[in-house]
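1. Sequence first, predicted coordinates after that:
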Amino acid sequence: QQQVKQSPQSLIVQKGGISIINCAYENTAFDYFPWYQQFPGKGPALLIAIRPDVSEKKEGRFTISFNKSAKQFSLHIMDSQPGDSATYFCAASKKDNFNKFYFGSGTKLNVKP
Amino acid sequence: KAGVTQTPRYLIKTRGQQVTLSCSPISGHRSVSWYQQTPGQGLQFLFEYFSETQRNKGNFPGRFSGRQFSNSRSEMNVSTLELGDSALYLCASSLVGGPRGYTFGSGTRLTVV
């Protein structure tokens, strides 16, 4: 069963707009929530990550919002650029098993110039 | 600093054959994890090796196996290949202490015909 649910499956945003991708989980043992970016022909690359004791984390144009009570977290990409066009994955891992990641199904982002 | 190196990049095999994929982690990284990526199932955890020992295992049949050598390099083997084993196989390495720095290679694209 999918332990981390991700939406939407695909997203089209105009250049300069905000891209928002959402993820939800059920297992409260999850302790670490990273977001990965993957370009065609490449492996996923870590973008930004958060732990559940923090409600928001920002790195440049990328922000994670985390709602522990709702068991949801989201990625916001501000001022989206064509170069951001890629597939984005949310993931989660447990404190006692931190190198085993459960990935969302991915969101294909297309930023129109 | 060299990244995670996976060889070969592409592979075509026939049903029933076996295949071995190789992963060289980032220097100093002692944990190596393997994932299978398919359009239908997304990224799924296969197993993790640390100090030559399998530390974690996903829900894959026994046809999928791996090992790690004393220099942290890892190999993954799939026996009796099935058409459904066609996928991108990704390797990720990380430091001992946690998921930070979890870095993926570009993967090996396996096609089973």
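-> Nice, thanks for sending it over.

2. So what's the residue count around B:Ala92?
-> Neighbour count of B:Ala92, defined by other Cβ atoms under 10 Å in any protein chain shown: 27. Bear in mind the C-beta positions are built from the backbone N, C-alpha and C, glycine included.

3. what about it, is that helix, strand or coil?
-> When classified by DSSP: H, G, I helix; E, B strand; the rest coil, B:Ala92 comes out as strand.

4. quick one: it and B:Tyr35 touch, right?
-> Yes - the pair B:Ala92 / B:Tyr35 is scored as a contact, 7.0 Å apart, by Cβ atoms under 8 Å.

5. Enumerate the residues of chain A near chain B.
-> Counting by Cβ under 8 Å from any Cβ of the partner chain, the residues of chain A close to chain B are A:32, A:34, A:36, A:41-46, A:49, A:89, A:91, A:93, A:97-106.

6. and if we set it to 10 Å?
-> A:2, A:4, A:6, A:31-32, A:34, A:36, A:38-39, A:41-46, A:49, A:89, A:91, A:93, A:95, A:97-106 (Cβ under 10 Å from any Cβ of the partner chain).

7. If any of the residues you listed are buried, give me the PyMOL selection for them.
-> This is the PyMOL syntax for the buried subset of the residues of chain A next to chain B, where burial follows 16 or more other Cβ atoms under 10 Å in any protein chain shown:
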select buried, chain A and resi 4+6+31+32+34+36+38+43+44+46+49+89+91+93+98+99+100+101+102+103+104+105+106
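
8. Mind checking the pLDDT average for stretch A:92-110?
-> Averaged across stretch A:92-110, the pLDDT comes to 90.

9. CA-only coordinates of that stretch, as CSV, when you get a sec.
-> In CSV, the C-alpha atoms belonging to stretch A:92-110 read as follows (Å, rounded to 0.1, in the frame of the first residue of the first chain):
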residue,chain,number,x,y,z
ALA,A,92,9.3,9.8,4.4
SER,A,93,11.5,7.7,6.6
LYS,A,94,11.2,6.5,10.2
LYS,A,95,13.5,7.4,13.0
ASP,A,96,14.5,3.8,13.6
ASN,A,97,15.0,3.0,9.9
PHE,A,98,16.1,6.3,8.5
ASN,A,99,17.7,5.0,5.3
LYS,A,100,14.5,3.3,4.1
PHE,A,101,12.4,5.8,2.2
TYR,A,102,8.8,5.6,1.3
PHE,A,103,8.2,7.7,-1.8
GLY,A,104,5.1,9.4,-3.2
SER,A,105,4.1,8.7,-6.7
GLY,A,106,5.6,11.8,-8.1
THR,A,107,4.4,15.1,-9.7
LYS,A,108,5.5,16.1,-13.2
LEU,A,109,5.8,19.8,-13.2
ASN,A,110,5.9,21.8,-16.4
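
10. Contact partners for the spatially closest residue to A:Ala70 that is not a sequence neighbour?
-> Nearest residue to A:Ala70, sequence neighbours excluded (Cβ to Cβ, 6 or more residues apart in numbering or on different chains): A:Ala24, at 7.8 Å. For A:Ala24, the contact set (Cβ atoms under 10 Å, 6 or more residues apart in numbering or on different chains) comprises A:2, A:4-7, A:67, A:70-74, A:90, A:104.
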